[in-house]
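Trainee: A predicted structure for the sequence below; I have some questions about it.
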Amino acid sequence: MSRTSRLAPATSAYDPIARSLHWLIAALALIVISLGWAIPEAPRNTGSRELLMLLHRSIGLVILGAMVVRVVWRVGHPPPPLPASLALIEAWLAHANHFGLYVMFLLMPLAGYVNAAAAGHSVSFFGIVTIPPLLPESGKLSQIANAVHLVGQFVIYALVAAHIAAALFHRFFRRDGVFERMLPARRPG
């Protein structure tokens, strides 16, 4: 029996826009996390730290924009159905994980902006546009937003780890086509 004949029939795939947004946000998340980890290591009041902050904030805003597009797109273009072979709890966990990822990838950039704005700082978008602080200055609000941003990273790590583990489980153990639904479309031949 060939390897492909052992695979369950593939479920329908996500559309190209949803797949593109998924992989764009995943790549940007890796970059923004790496920048976030590098910031504390850079000496304060230096050009290198300012550059890291500029890039971290700017890419965070790109993620926020991409997530807004993704949410709007998903409302009009629902995801393909999950395979009928999934238990109710598995389907619920998949939906809960996706919901959590959407919430966190919207919440994290917003918390980052609120942290800066409540501290009285504007946020530069790649040095092209400056977003002024649209909130009154509040040390307490800035600290709360900073705490949400710092703790939120661990929530994202857990959600992403569960997402990847589930995808690999479907690819190598279930072989039910779930993993392949988000892969870039292959060209025939």
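Mentor: Received, thanks. Numbers count the residues shown, from 1 in each chain.
Trainee: quick one, helices of this structure?
Mentor: Remark: helices assigned in the chain by DSSP state H are 3-6, 16-38, 47-76, 88-118, 139-169.
Trainee: out of those, nearest to residue 82?
Mentor: Each of the helices of the chain has some distance to residue 82 by CB to CB; the shortest is helix 88-118, at 5.3 Å. C-beta: built from backbone N, CA, C; applies to glycine.
Trainee: for the closest one, buried residues please.
Mentor: 90, 94, 97, 100-102, 104-109, 111-118 (16 or more other CB atoms under 10 Å).
Trainee: so what's the residue positioned nearest the centre of the chain closest to, chain neighbours aside?
Mentor: The centroid of the chain falls nearest to residue 105 when counting by CA atoms, centre = their mean (4.7 Å). Computed as CB to CB, 6 or more residues apart in numbering, the closest residue to residue 105 that is not its neighbour in sequence is residue 67, at 4.8 Å.
Trainee: what sits against that neighbour?
Mentor: Residues in contact with residue 67 (CB atoms under 8 Å, 6 or more residues apart in numbering) are 25, 102, 105, 106, 109.
Trainee: what does residue 108 give?
Mentor: So residue 108 contacts 60, 63, 149, 152, 153, 156 (CB under 8 Å, 6+ apart).
Trainee: follow-up on the earlier one: now, among the contacts of residue 67, which is nearest to residue 49?
Mentor: residue 109 (19.6 Å).
Trainee: pretty sure that closest one is touching residue 68, no?
Mentor: No. Assessed by CB atoms under 8 Å, residue 109 is found out of contact with residue 68, at 10.1 Å.
Trainee: circling back to that earlier point, hey, least reliable of the helices of the chain by pLDDT?
Mentor: Lowest mean pLDDT within the helices of the chain: helix 3-6, a mean of 38.
Trainee: export the helices of the chain as a markdown table, with columns for distance to residue 178.
Mentor: Formatted as a markdown table, those follow (distance: least, CB to CB, whole Å):
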| stretch | distance to residue 178 |
| --- | --- |
| helix 3-6 | 15 |
| helix 16-38 | 14 |
| helix 47-76 | 17 |
| helix 88-118 | 8 |
| helix 139-169 | 7 |
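Trainee: closest one to residue 126 among those helices?
Mentor: helix 47-76 (4.5 Å).
Trainee: and that closest one, what's buried?
Mentor: 49, 52-64, 66-67, 70, 74.
Trainee: likewise for stretch 28-35?
Mentor: For stretch 28-35, by 16+ other CB under 10 Å, it's 28, 29, 32, 33, 35.
Trainee: nearest spatial neighbour of the first one, skipping sequence neighbours?
Mentor: By that I understand residue 28. residue 63 (5.1 Å).
Trainee: the one you found touches residue 32, doesn't it?
Mentor: Yes. Using CB under 8 Å, residue 63 is in contact with residue 32, at 6.4 Å.
Trainee: name all residues that make contact with the residue nearest to residue 55 when sequence neighbours are not counted.
Mentor: Nearest non-adjacent residue to residue 55, counting by CB to CB, 6+ apart: residue 35, 5.4 Å away. Residue 35 makes contact with 52, 55, 56, 59 under the criterion CB under 8 Å, 6+ apart.
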